[in-house]
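Student: from the sequence below, what's the structure:
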Amino acid sequence: MWHFRLWNVKDIAVFLSISLIMIHSAGAIVIDSSQRSLIRSVQEDVFFSVNVTCSGTPTIQWTFMSGAVSRAVGTWRPEVFTNITMDYSSRVRPYDNGSMVLLDLRLQDAGYYLISVEDSTGRSKELGFILKVNEVLYEDLQYLSVTALALFVLAGLLMLAMWLLHKACRRIEAWRRKRQMPGKEKGFLSDQTFKTE
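Tutor: Sure, this is the predicted structure:
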């Protein structure tokens, strides 16, 4: 009989634990993201992809943090309000699922981005993203463009030289043909001598 009572107590404890977890998770905030470390280049756009689920309408806030700087990017509640800070007003596009696009990246945009989601009961959850912004190496582009320009100029000079050689060959060929036709020149001279007599 004693064994039966212990077993019931364990069952009840497990049942209560599972029930509490299910009740707690039913109203829990979930932030899903497939990629949290992003690498982009200057002047590209970056998409912070998240999917926020919670009970009610969440309040979504994005914050940027780097070495000595921490500033708000924006706060919004889907279909209620959107408040993007002045620093990001022309460069941020918010989405109802919590995602955000940051346009026209600058080197200063590299750092840590934090999304904070708060539900109507006051519970909140956060998720962080790391963004690395690479500088476009303009020296490489300049070297490439100078090399391409030099090759185009060289190709143009070779085409001009071939055209001039072709013209010279045709003139030499015409001059040789003219020299090999002695009959016409004698006939021309004899006609002139005939007329003068």
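Student: may I have the beta-bridge partners of residue 61?
Tutor: residue 75, residue 116 (DSSP bridges).
Student: quick check: residue 40 is in a helix.
Tutor: No. Judged by DSSP: H, G, I helix; E, B strand; the rest coil, residue 40 forms no part of a helix; its state is strand.
Student: that one contacts residue 107, doesn't it?
Tutor: No. With contacts counted by Cβ atoms under 8 Å, residue 40 stays clear of residue 107, the gap being 11.0 Å. The way it works is simple: take the backbone N, C-alpha and C, and place the C-beta from them, glycine included.
Student: what sits against the closest residue to residue 34 other than its chain neighbours?
Tutor: What sits nearest to residue 34 in space, not counting adjacent residues and going by Cβ to Cβ, 6 or more residues apart in numbering, is residue 49, at 6.3 Å. By Cβ atoms under 8 Å, 6 or more residues apart in numbering, the residues touching residue 49 are 33, 34, 35, 99.
Student: buried among those? Need that as a selection in ChimeraX.
Tutor: In ChimeraX syntax, the buried subset of the contacts of residue 49 is picked out as below (16 or more other Cβ atoms under 10 Å):
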select :33,99
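Student: any idea of the mean pLDDT in the one helix or strand residue 126 maps to?
Tutor: Using DSSP states H and E, residue 126 falls within strand 124-134. Strand 124-134 shows an average pLDDT of 94 in the prediction.
Student: I'd like the next helix or strand past that strand.
Tutor: Past strand 124-134, the next helix or strand by DSSP H and E is helix 138-180.
Student: which sections of the chain are below the confidence cut-off?
Tutor: 1-27, 138-140, 182-197 (pLDDT under 70).
Student: next, name the residue at the spatial heart of it.
Tutor: Centroid-nearest residue in the chain: residue 44, 4.4 Å away (criterion: Cα atoms, centre = their mean).
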